[in-house]
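In: No sequence on hand, only this structure:
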């Protein structure tokens, strides 16, 4: 390593340290604008983000997804942002992507979910860890890069998008489909102690169980859709025992898993339920075939329904029937060979800044990175956050971010960009 490169890294670190209070305040302002999804009214956050970064000299292109398309999708508003920073002819275009949409806070918080309170070196609030933190990481890494390294070639693009919780198709997927961006490499929001190069896929399905409503005083005149749903759920949950034997060869990923995350049904306590709706989530390891997974789940449901009807001698109009609808199919991400420069740079600077080399691993999550990779754009996941989703409290009460992780991850990203654009 030349003395000039080492001096550049030191100067980047110093710039980030000098501006860290400003960076923390920037993140607080982002966390304080709710983006609960559902309902998914996320355009106001994009407007606020664009306003805040304008003060840094960053001009955000506002790409509004058509209202009807968003509503048909199940959300209320999406405005995706692209900030383009061109440095000169030649070199690569590197995209940095973070998503602003988040699941609703839920119950059990000891802090205001949108207060962005700081206590004992941690910031608390929904999206502090996933992934408004990396709006901050990426923005200030680019600011440091331009102030210190002053690259003379290549481009950086900030992609701030608002459809990750629903699958990304109207976030990065929409930007790519519209031809609004085509980077050479990309980094998506992640955590600080590992470089994620692969991730699970996800299949979400809605199962509607139809029976026949009846008065609870004469239950034999009805067909209990909830009782049938219990048989279906037991059949689905039993699959998890089998899945434990289906092991992935990707470090960081273990085996498939199925979860039933939502149940709705019935009309009143004294009525035999005539309809019950289940929503299930099936995580797929990279080695699995999504079409085969879906076919297997449909077969399990069909077998359970047949067994229920047979046991109760239900036939014809009295038979329980089901409707199955696919809600989401997010393919697994497998590494592209071209991601090596990203992995090498982040590992090198992660070791220098954190004192330990972040391993290149897979994660059981699914992310928007797959949408870039499916179009041949090598990508990895890296950003500000703890060693695990569990530690971050992401999607749980009291989500939090260690501010020292934010500071150090920003240094790692800034240093990596300086190398990649040199």
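Out: On my side now, so go ahead. If you're wondering where the values come from, they're calculated on a predicted model, not measured in any experiment. Numbering: from 1, shown residues only.

In: Tell me both backbone torsions, phi and psi, for residue 88.
Out: Dihedral pair for residue 88: phi 150, psi 160, per degrees, to the nearest 10.

In: which residues does it contact?
Out: Neighbouring residues of residue 88 by C-beta atoms under 8 Å, 6 or more residues apart in numbering: 151-154. Placement of C-beta: from N, CA and C, glycine included.

In: Mind doing that once more with 10 Å?
Out: Applying C-beta atoms under 10 Å, 6 or more residues apart in numbering to residue 88 gives the contacts 151-155, 421.

In: Quick one: these as TSV, columns for neighbour count, pLDDT and distance to residue 119 too.
Out: Shown next, in TSV, are those (neighbours: other C-beta atoms under 10 Å; pLDDT from 0 to 100; distance: C-beta to C-beta, whole Å):
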residue	neighbour count	pLDDT	distance to residue 119
151	19	96	38
152	12	96	43
153	13	97	43
154	21	97	40
155	18	98	39
421	20	96	37
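
In: now, which of those lie within strands?
Out: Among the contacts of residue 88, the ones falling in strands (DSSP state E) are 154-155.

In: Nearest to residue 321 among the contacts of residue 88?
Out: Ranked by distance to residue 321 (C-beta to C-beta), these are led by residue 155 at 54.8 Å.

In: contacting residues for residue 312?
Out: 223-224, 227-228, 318-320.

In: Revised request: answer the last question for residue 356.
Out: Listed by C-beta under 10 Å, 6+ apart, the contact partners of residue 356 are 193, 350.

In: So it lies in a helix, does it not?
Out: No. Checked against DSSP: H, G, I helix; E, B strand; the rest coil, residue 356 lies outside a helix; its state is coil.

In: Next one, pLDDT for it please.
Out: For residue 356, the pLDDT comes out at 96.

In: circling back to that earlier point, turn the contacts of residue 88 into TSV, including distance to residue 303.
Out: What follows is the contacts of residue 88, written out as TSV (distance: C-beta to C-beta, whole Å):
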residue	distance to residue 303
151	59
152	64
153	60
154	56
155	54
421	56
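
In: and of the contacts of residue 88, the nearest to residue 368?
Out: Within these, the smallest distance to residue 368 is 19.9 Å, found for residue 155 (C-beta to C-beta).

In: that older thread, among the contacts of residue 88, which two are most distant?
Out: Looking at the contacts of residue 88 by C-beta to C-beta, the two members farthest from one another are 152 and 155, with 11.7 Å of separation.

In: what touches both of the two?
Out: Residues touching both residue 152 and residue 155 by C-beta under 10 Å, 6+ apart: 87-88, 91, 421.

In: Need the max-distance pair from the residues you listed.
Out: With C-beta to C-beta as the measure, no two of the shared contacts of residue 152 and residue 155 lie farther apart than 88 and 421, at 9.3 Å.

In: ok, back up a step: in ChimeraX, select just the buried ones from the contacts of residue 312.
Out: With 16 or more other C-beta atoms under 10 Å as the criterion, this ChimeraX line picks the buried residues out of the contacts of residue 312:
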select :223,224,227,228,319,320
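
In: what about the helices in the protein?
Out: Assigned by DSSP state H, the helices in the chain fall at 3-18, 20-31, 43-54, 67-73, 132-144, 172-177, 225-243, 290-311, 340-354, 369-373, 389-392, 403-420.

In: Reformat the ones you listed into JSON lines and put distance to residue 199 next to each item.
Out: Compiled in JSON lines, the helices of the chain are given as follows (distance: least, C-beta to C-beta, whole Å):
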{"stretch": "helix 3-18", "distance to residue 199": "28"}
{"stretch": "helix 20-31", "distance to residue 199": "24"}
{"stretch": "helix 43-54", "distance to residue 199": "25"}
{"stretch": "helix 67-73", "distance to residue 199": "22"}
{"stretch": "helix 132-144", "distance to residue 199": "16"}
{"stretch": "helix 172-177", "distance to residue 199": "14"}
{"stretch": "helix 225-243", "distance to residue 199": "17"}
{"stretch": "helix 290-311", "distance to residue 199": "14"}
{"stretch": "helix 340-354", "distance to residue 199": "15"}
{"stretch": "helix 369-373", "distance to residue 199": "7"}
{"stretch": "helix 389-392", "distance to residue 199": "12"}
{"stretch": "helix 403-420", "distance to residue 199": "19"}
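
In: By mean pLDDT, show me the worst of the ones you listed.
Out: helix 389-392 (a mean of 86).

In: Other residues contacting that helix?
Out: Identification of contacts with helix 389-392 by C-beta under 10 Å, 6+ apart yields 128-130, 133, 191, 193, 363-365, 384-386, 395-396, 399-402, 405.

In: what comes up buried for stretch 211-231?
Out: Of the residues in stretch 211-231, 211-214, 222-229, 231 count as buried by neighbour count, 16+ other C-beta under 10 Å.

In: Who's the closest spatial neighbour of residue 77, skipping the chain neighbours?
Out: Nearest residue to residue 77, sequence neighbours excluded (C-beta to C-beta, 6 or more residues apart in numbering): residue 43, at 3.8 Å.

In: Make sure that neighbour is actually in contact with residue 64.
Out: Yes. The pair residue 43 / residue 64 is scored as a contact, 7.3 Å apart, by C-beta atoms under 10 Å.

In: Looking at the two now, which is surrounded by more residues?
Out: More crowded of residue 43 and residue 64, by other C-beta atoms under 10 Å: residue 43, with 20 against 12.
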